[in-house]
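Undergrad: Just the structure for this:
(one chain, ligands or ions: 1)
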Amino acid sequence: MSQHNQSLGEFIIGNQDSFEYSTGELSKLLHAIRRAAKVVNHKVNKAGLSDILGAAGEENIQGEEQQKLDVYANDIFIDTLINREILCGIASEENDDYITIKGQKNDHKNKYVVLIDPLDGSSNIDVNVSVGTIFSIYRRVSEIGTPVTEEDFLQPGNKQVAAGYVVYGTSTMLVYTTGHGVNGFTLNPAIGTYYLSHPNMKFPEKGNIYSVNEGNYVHFPQGVKDYIKYCQAEEEDRPYTSRYIGSLVSDIHRNILKGGIYIYPQSSKYKTGKLRLLYECNPMAFIAEQAGGKASDGFQRIMDINPKELHQRVPFFCGNKYMVEKAEEFMKNAK
Ligand code: P6P
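TA: Now for the predicted structure:
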């Protein structure tokens, strides 16, 4: 069978030995995620038809109005992950605190934690623009046999054992890494199977896309303003093209395939940035680095930041290595 026709299940089994921990454990985790993604995908594609559009009437910890699909996706991923006897805890953008999972024998013997943004870009749901799921997986650091602790979740991104995203777009793709490159799988909805469609994803050598919400320009730090003007200048390989969907997963997925940089900087509205370190920036940074790119907060590597709290926000610069480094140069010079 050619590599490109490999199903996700076959790929995971074929690459288990590259996962340094127990062979079956990663498979169980990724099986749970891909199953949940299929269920969410079905709902996302039907959102316009059933009474699932619009706000669920509640707010999440971010103070964002929860869309019904947000709540639905959160429930599906949490229920699916809990039932796989592999996790001792889950943290989600939609939940104020982390969830402790005792395990079937109530012995807290499970070894992994997952942090998830179940439906990122949800403000796009009602206008039929692509949304995504982002997940980050760690080995617990607390003693096996004891309840999961906050320190199990507050690990730097460089300790992730796997990370990935699902993009619910013109097709549904699951993209993940275990530290041995990035591979993309496209769902064939007719049979409910994901097939390897984008093996060994890498940023192209050159990138000419910059993705930032320029509506916030006046609130940006000077270094970001200077970098945006650099992108727009008619010099060398510029001006770049501006592309911003307002859905992190879609913007970064496109930039990996086409070459580009995504920036969500600090601003007067978001003093430390808008994106969350643990379940948005770290997993996307792991993917970006494994695809030959770079991810920083404008000054330091995202995956080296020591988290202080579950829903911590950070400025986020992510894309082709040389593009991120150019933006960092402007940030440094503007200090
Ligand atoms: P803004 C979605 O809410 C999100 O977290 C990312 O998916 C997206 O890139 C960003 O926020 C959009 O934020 O302020 O530009 O609408």
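Undergrad: and the residue nearest the centre of the chain, what element?
TA: Nearest to the mean C-alpha position of the chain, by CA atoms, centre = their mean, lies Ile134 at 3.4 Å. Per DSSP states H and E: Ile134 is located in strand 131-139.
Undergrad: Mind jotting down where the helices sit in this protein?
TA: Along the chain, counting by DSSP state H, helices occupy 8-14, 23-46, 68-82, 150-153, 222-232, 248-258, 282-290, 321-334.
Undergrad: Which one, of these, ends up nearest to Ala162?
TA: Each of the helices of the chain has some distance to Ala162 by CB to CB; the shortest is helix 23-46, at 6.3 Å. To be clear about C-beta, it is placed using only N, CA and C from the backbone, and glycine gets the same treatment.
Undergrad: Taking helix 68-82 as reference, get the angle to that closest one.
TA: Computed by axes from the mean of the first three to the mean of the last three CA atoms, to 10 degrees, the angle separating helix 23-46 from helix 68-82 equals 160 degrees.
Undergrad: list the buried ones in helix 23-46?
TA: Neighbour counts over helix 23-46 (16 or more other CB atoms under 10 Å) mark 25-38, 40-41, 43-44 as buried.
Undergrad: Please apply the same query to stretch 82-98.
TA: By 16+ other CB under 10 Å, the buried positions in stretch 82-98 come out as 82, 84, 86-95, 98.
Undergrad: Return the item of those residues having minimum pLDDT.
TA: Within the buried residues of stretch 82-98, pLDDT reaches its minimum at Arg84, with 84.
Undergrad: Check the gap between the closest residue to Glu309 other than its chain neighbours and Leu277 for me.
TA: Sequence neighbours aside, Leu154 is the residue nearest to Glu309 in space, at 7.5 Å (criterion: CB to CB, 6 or more residues apart in numbering). Per CB to CB, to the nearest Å, Leu154 is found 10 Å from Leu277.
Undergrad: Now list whatever residues contact both of these two.
TA: Common contact partners of Leu154 and Leu277 (CB atoms under 8 Å, 6 or more residues apart in numbering): Pro307.
Undergrad: And these two? Which one has more around it.
TA: Shown here are Leu154 and Leu277; by other CB atoms under 10 Å, Leu277 has more neighbours (29 against 19).
Undergrad: gap between that one and the ligand?
TA: From Leu277 across to the ligand, the span is 12 Å (CB to the nearest ligand atom, to the nearest Å).
Undergrad: neighbours around Asp237, how many?
TA: 8.
Undergrad: just to revisit the earlier point, closest to Lys111 out of the helices of the chain?
TA: Minimum separation from Lys111 across the helices of the chain (CB to CB) falls at helix 23-46, 7.0 Å.
Undergrad: Just list what the closest one packs against, helices and strands only.
TA: Helix 23-46 sits against helix 8-14, helix 68-82, strand 112-120, strand 131-139, strand 162-168, strand 172-177, strand 182-188, with contacts defined as 3 or more CB pairs under 8 Å, 6 or more residues apart in numbering; DSSP states H and E.
Undergrad: That helix vs strand 182-188, what angle?
TA: Going by the same axes, to 10 degrees, helix 23-46 makes 50 degrees with strand 182-188.
Undergrad: so what's the residue in the stretch 51-200 of the chain positioned nearest to the ligand closest to, chain neighbours aside?
TA: Closest residue of the stretch 51-200 of the chain to the ligand, CB to the nearest ligand atom: Gly121 (4.0 Å). The shortest distance from Gly121 to any non-neighbouring residue, by CB to CB, 6+ apart, is to Ser247 (3.0 Å).
Undergrad: shouldn't that neighbour be in contact with Val131?
TA: Yes - using CB atoms under 8 Å, Ser247 is in contact with Val131, at 5.7 Å.
Undergrad: which residues do those two both contact?
TA: 120-121, 124.
Undergrad: By neighbours, which of these wins?
TA: Asp120 (27 neighbours).
Undergrad: Contacts (any at all) between the ligand and stretch 265-272?
TA: No - applying CB under 6 Å from any ligand atom, one finds stretch 265-272 separated from the ligand by no less than 8.0 Å.
Undergrad: Show the end-to-end separation of that stretch, please.
TA: In stretch 265-272, first residue to last residue: 8 Å (CA to CA, to the nearest Å).
Undergrad: now swap in stretch 224-244 and tell me
TA: Using CA to CA, the end-to-end distance of stretch 224-244 comes to 16 Å.
Undergrad: How far off centre is that stretch?
TA: Its chain's average C-alpha position is 25 Å from that of stretch 224-244, according to CA atoms, centre = their mean, to the nearest Å.
Undergrad: can you list the domains in this protein?
TA: Listed by automatic domain parsing, the domain ranges of the chain are 3-198, 209-334.
Undergrad: Which secondary structure element of this protein has the lowest mean pLDDT?
TA: Among the helical and strand segments of the chain, the one scoring lowest on mean pLDDT, DSSP states H and E is strand 65-67, with a mean of 63.
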